[in-house]
Structures are given as structure tokens and as C-alpha cells.
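Enquirer: Pasted the sequence and its predicted model underneath.
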Amino acid sequence: MKTISTFLLLFALACSDGSSNRNYTADSSMEDLEISAKIPVTQQHTPPPPPTPEVSEVNDEQKIIKTAHLVFETKDLEATHAIILQLASQYNGFVQSDNSGKSYNRIYKNLSVRIPTKNFQQFIDGISEGVAYFDQRTISRQDVSEEFIDLEARLKAKRLLETRYLELLEKATNVKEMLEIERELSGIREEIEAKQGRLQYLQNQVSMSTVRIEFYKTTAESGITQSYGQKMKNALQGGWNGISVFFLGLLYLWPLFLVLIIVVISLRAYLTRRKKKKS
């Protein structure tokens, strides 16, 4: 009996240990689940997301067309002209046009200078150094970046389309197909040339800025005196021209004078004969 009691006691202890182990395992699993739920997703053992590629800059340089229009008065026309030419050469520009003239009471010069855009502001500052004030000073900047990018994208698409048509042309099996493909290619190439021309024009305007310069010198003569003397001169010249025209007109009428002379002589002869008959 004593042996049986000992065996039953050991069996009961074994069962209690097993159930406690099972409870411990379940409790541990639940705790693990709870801890796992509390851990942020980024800290769990999940594969890391692929690295996000850095966004490259669309364009590190804007496409800006710069222009300027300057109008001012100067005391020495030729010296100012020489300074502008020297500045244009110093900043690697060139004179596109150079005109001069004279109006009512001023002598003036007009220049159009193309200057590299990187030297645009230095060139403007160099001209402004000797100018007290400007009658007009206009500087404009036109951003054509969007048009530039759009043209490049369209040009790329047209070139890809041209390549595909060339591949189709190689695979054409009859003359009709070849003519149709060549007609399409002709239209595509015209569009490519037009877009290339526009791109080249924009690139030229962006890389070389245009500066229009007008400077003048007021003449020393009084406007009223000059106008009065001119009126006297015009009056004398007009009178002489009038007399010349009158005599020239008389010369044009010489046949009429000849006829009048003949009529007068004939009339006098007729009257003389009648007078003799009566006497």
C-alpha cells in the first residue's frame, strides 16, 4: 500500500508539472504576440524597403533670354561711342548694328550689341558708370525653360518615330508600302527640322543677350534762331525758284507768242490797206 501511495503521489506531481509547463508556454506565446504587436513595423524583422532613389534635378540652369534698352544724353558723342565699343570687345560681344543721324536739335547714335549672357550685367554696369541719368533704362528677362524642355521632349519623340519608320521601310515588301512610309518620314523630318531650328534660335538668344543703346548730344544752336534763319533762307530760295519757273513757263509758250505776233502783223496790214482805199 505504501508503494502504491508513493506512485500515485509521483504521478500527480508529474501531471501538475506538465500542466504548469503548458500554461507557461501558452502564456509566453501570448506575451510574445503582445510584444510583437507593440513593436513598430520598422523595428520588426521584415525585409527593409528598397532605397528610394534620389530625385535628380530637372535642370540646373534656367533658360533666360535677357534684353536691355538704354537711352541717355552724353557730352562727348565720339568718346561715349568708343567706350561702348571697348566694353563690347572686353566682354566678348559684338556690335550687331551701328547707326547715327541728326534731328532738329540733337546728334544721336544707335547701337545694338550682342553680349554673352554671363557678361550681361557687367556690360550694363560699365555703360552706366559715365551716365548721370537715363532717359530710359529697360531690362527684361524672359524664362523659356518650359518651352525649351517641351521642344527637346517633342524632338526626342519625333526622332524615335523616325527610327521606327526607317525600320518599317527596311521591311517593306512592295512599292506602295515604301511610298507611304517615305511620305510619313518626310513629314516627320520637316517637324524635326522646325523644332531643331527653334531650339537653336532659343539657345542663341539665351547664350547671347541683346542690348540696344541710344545716346545723343544736344546741339548748341538755339532752336528759335535756327528756325528763323531757315525760314528766311527758304523764302529767298522760294522767290528765286518762282521767278525761274515763270521764265521757264514763258519759254514753253513761245508758239502762242509767235501766233499772236503773226495775228497782230496781219491785222495791222489789213487796217493799213483799208485806210488807203478810203483815202
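Expert: Ah, there it is.
Enquirer: for this structure, what spans make up the strands?
Expert: 64-73, 94-102, 106-116, 136-143, 208-218 (DSSP state E).
Enquirer: and of these, who's closest to Leu256?
Expert: Closest approach to Leu256 among those is made by strand 94-102 (47.7 Å; C-beta to C-beta). The C-beta positions use only the backbone N, C-alpha and C, and glycine is treated the same way.
Enquirer: helices or strands next to that closest one in the packing?
Expert: Using 3 or more C-beta pairs under 8 Å, 6 or more residues apart in numbering; DSSP states H and E, the elements in contact with strand 94-102 are helix 77-90, strand 106-116.
Enquirer: Asn204: which of these is closest?
Expert: In terms of C-beta to C-beta, the element of those nearest to Asn204 is strand 106-116, at 9.1 Å.
Enquirer: Point to the residue nearest the middle of this protein.
Expert: Geometric centre of the chain, nearest residue: Ile65, 5.1 Å, by C-alpha atoms, centre = their mean.
Enquirer: I'd like the distance from it to Ala132, if you could.
Expert: 30 Å (C-beta to C-beta, to the nearest Å).
Enquirer: cool, and Leu202?
Expert: 37 Å.
Enquirer: what about those two, which has more around it?
Expert: For Leu202 versus Ala132, neighbours defined as other C-beta atoms under 10 Å are more numerous around Leu202 (17 against 8).
Enquirer: And the contacts of stretch 103-123?
Expert: Identification of contacts with stretch 103-123 by C-beta atoms under 8 Å, 6 or more residues apart in numbering yields 64, 66, 68, 77, 80-81, 84, 87-88, 91-102, 206-219, 221, 223, 226.
Enquirer: Report the buried residues of that stretch.
Expert: Tyr108, Lys109, Leu111, Val113, Arg114, Ile115, Asn119, Phe120, Phe123 (16 or more other C-beta atoms under 10 Å).
Enquirer: Tell me the one of the residues you listed nearest Ile265?
Expert: Taking C-beta to C-beta as the measure, Ile265 lies nearest Tyr108 of those, at 67.1 Å.
Enquirer: Just list whatever residues bridge to the closest one.
Expert: Beta-bridge partners for Tyr108, by DSSP bridges, are Gly101, Tyr216.
Enquirer: for the stretch 151-279 of the chain, what are the low-confidence residue spans?
Expert: Scanning the stretch 151-279 of the chain with the threshold set as pLDDT under 70 gives 220-231, 279.
Enquirer: List phi and psi for Ala172.
Expert: Per-residue torsions, Ala172: phi -60, psi 140 (degrees, to the nearest 10).
Enquirer: quick one: it and Met178 touch, right?
Expert: Yes: between Ala172 and Met178 a contact is recorded at 4.5 Å, counting by C-beta atoms under 8 Å.
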